[in-house]
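Peer 1: any chance you could fold what I've pasted below:
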Amino acid sequence: MTREDGREVDQLRPVEMTKDYVKFAEGSVLIRCGDTVVLCNASVEDKVPPHVREGHGWVTAEYSMLPRANRQRSRRDIDKLKLNGRSAEIQRLIGRSLRAAVDLEALGERTVTVDCDVLQGDGGTRTASITGGFVALALACRKLLREGKVERNPIVHQVAAVSAGIIDDVPMLDLPYSEDSRAQVDLNCVMNEQGELIEIQGTGEGRSFTLSEQQELVRLCGKGIAELMEKQREMLR
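Peer 2: The predicted model follows:
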C-alpha cells in the first residue's frame, strides 16, 4: 500500500528537536514530527502537592492546543473555565508516562511541571508531547544536578511514544491526520529504553481488532520508539 507521503508502513515521519527553545524554562524542547509541532517546557518548583509522600517529588504535565493548531479554530480551554475532556485525558497520560522516567525520591520535595503546547497538530500530538516532554524533563533534572540541588540524577529511564494504526487492513506506523482520520484501528504506545511498555491506548474505531494485530502494532511502535530514543539521546549528549 502506498502512503500519501511516500513512506514505508514502518517508517516514522521526519523528526526534529530543538533544545533550549525557551530561555527561562529549566528545560525546553521544540519537537516536530512531520507537520505536528509541540513546544515542551519543564518548570521546577520547590513544593509538592498534598498527596505526595514526605521526602518525594512529583512530575506532572499540562497539555493544550493553540486555537489554530488544527484545521479549524478551537476555543481556548480557559474560555470554558476547565479543560475539555480530550485535553484532560491527554495531559494525564503525559504525566503518567513522564513519572515512569523519574525516581521521585531522588527528585526531592519539588515538582516538575512539563507544559506541552501544540503549535500545529497533524496527528500524534500526545505521543510527540511525551517524546519531547521527556527531553525537557531530562534537561531540567540535569540542571538540578549541576546546581547541586539533587544528589543524583532523578532520571532512571528513557521514555518515548508513538502511534500506529490499521488503514484498509494494513498496519502502519506514525499516522498523520489524513491517515488517522480514516484508521480502522488506532493505537498509542509508550515505552522505556528497555522496550518495556508503560502504557498502551488502543481503539477499534472502524472495526474490532485481533490480538495478533495488536501485537503487530506494538511491534511497529517499538521500532519507531527505538529510533525516537536515539534522537532524544542526540539532544542530551
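Peer 1: longest helix of this structure?
Peer 2: helix 211-236 (DSSP state H).
Peer 1: that one: how far from the chain's middle?
Peer 2: 13 Å (CA atoms, centre = their mean, to the nearest Å).
Peer 1: now for it, which elements pack on it?
Peer 2: strand 15-19, helix 125-146, strand 159-167, strand 170-173, strand 185-192, strand 197-204 (3 or more CB pairs under 8 Å, 6 or more residues apart in numbering; DSSP states H and E). For glycine as for every other residue, the C-beta is placed from the backbone atoms N, C-alpha and C.
Peer 1: how about the contacts made by the nearest residue to residue 56 once chain neighbours are set aside?
Peer 2: Excluding its sequence neighbours, the residue lying closest to residue 56 (CB to CB, 6 or more residues apart in numbering) is residue 104, at 4.5 Å. By CB atoms under 8 Å, 6 or more residues apart in numbering, the contact list for residue 104 reads 52, 56, 57, 58, 59, 154.
Peer 1: thinking again about what came up before, and the angle for the longest helix of the chain with strand 15-19?
Peer 2: Helix 211-236 and strand 15-19 meet at an angle of 40 degrees, taking axes from the mean of the first three to the mean of the last three CA atoms, to 10 degrees as the criterion.
Peer 1: now do helix 211-236, average pLDDT.
Peer 2: The pLDDT scores in helix 211-236 average 98.
Peer 1: do stretch 108-116 as well
Peer 2: Stretch 108-116 comes out at a mean pLDDT of 97.
Peer 1: do stretch 74-87 as well
Peer 2: Stretch 74-87 comes out at a mean pLDDT of 68.
Peer 1: distance between the ends of it?
Peer 2: End-to-end distance for stretch 74-87, by CA to CA, to the nearest Å: 12 Å.
Peer 1: look up how far residue 63 lies from the most centrally placed residue in the chain.
Peer 2: Most central in the chain under CA atoms, centre = their mean is residue 130, positioned 1.4 Å from the mean C-alpha point. Applying CB to CB, to the nearest Å, the value for residue 130 to residue 63 is 10 Å.
Peer 1: ditto for residue 126
Peer 2: Counting by CB to CB - residue 126 and residue 63 are separated by 7 Å.
Peer 1: now the common contact residues for the two.
Peer 2: Shared contacts of residue 126 and residue 63, defined by CB under 8 Å, 6+ apart, are found at 90, 94.
Peer 1: and these two? which has more neighbours close in?
Peer 2: residue 63 (27 against 24; other CB atoms under 10 Å).
Peer 1: got the contact list for the residue nearest to residue 158 when sequence neighbours are not counted?
Peer 2: Once flanking residues are discounted, residue 158 sits nearest to residue 193: 3.9 Å by CB to CB, 6+ apart. Contact analysis of residue 193 by CB under 8 Å, 6+ apart lists 157, 158, 229.
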